[in-house]
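Student: Okay, predicted coordinates and the sequence, questions at the end:
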Amino acid sequence: MAQYERPSLSLSEVCQILSSRYRRHLLSHLQTKDADVADLDELVTHIHKKSEKTTTTEQVRISLIYTHLPKLADYGVIDYDRRNKDVRYCDGTKLEDFLEVLPPNNGSL
C-alpha cells in the first residue's frame with residue numbers, strides 16, 4: 001500500500017472521531033497491536049466484548065462496516081480494504097494522546 005501524508009486533524013475532527021465508543025475501542029485496540037493490520041472479524045469480536053449494551057456480533061459488524069470504518073477512513077486514520085476486510089491503522093499520534101485521557105467507556109455508541 002502506498003504511503004501518503006495525512007493532513008493534520010483539527011480539534012473538531014478529533015472530537016468527532018472520538019465521540020463514538022466503538023471508534024475509541026477500535027482505535028485503542030489497533031494502537032496496542034504489534035501488527036498494523038487487523039481483520040474485520042477480530043475487530044467485531046473485540047468491540048462486542050467491550051460493548052456494555054446488549055448487541056449481537058452482527059449488529060457490531062454492520063455498524064462498523066457502514067458507519068465507523070468509513071468515517072475513520074474518510075479522516076485518514078485507517079485504510080479499510082472492503083474486499084479483504086482488512087483494517088490498516090495509520091499514524092494516529094494526535095488521537096492516541098486524546099485516548100490516553102479519555103476512557104473508552106464514556107460517551108455514546
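Tutor: All right, it came through fine. Numbering: from 1, shown residues only.
Student: The chain: helices as residue ranges?
Tutor: Secondary structure of the chain by DSSP state H: the helices cover 11-18, 21-32, 40-50, 57-63, 69-74, 93-101.
Student: For the longest one, buried residues please.
Tutor: Right, helix 21-32. 21-30 (16 or more other Cβ atoms under 10 Å). Any C-beta I mention is one placed from the backbone N, CA and C, and that applies to glycine too.
Student: now swap in the first one and tell me
Tutor: Going by neighbour count (16+ other Cβ under 10 Å), the buried part of helix 11-18 is 13-14, 17-18.
Student: With mean pLDDT and distance to Asn84 as extra columns, can I get the helices of the chain in TSV?
Tutor: Output for the helices of the chain, formatted as TSV (pLDDT from 0 to 100; distance: least, Cβ to Cβ, whole Å):
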stretch	mean pLDDT	distance to Asn84
helix 11-18	88	23
helix 21-32	89	16
helix 40-50	93	9
helix 57-63	95	15
helix 69-74	94	13
helix 93-101	72	24
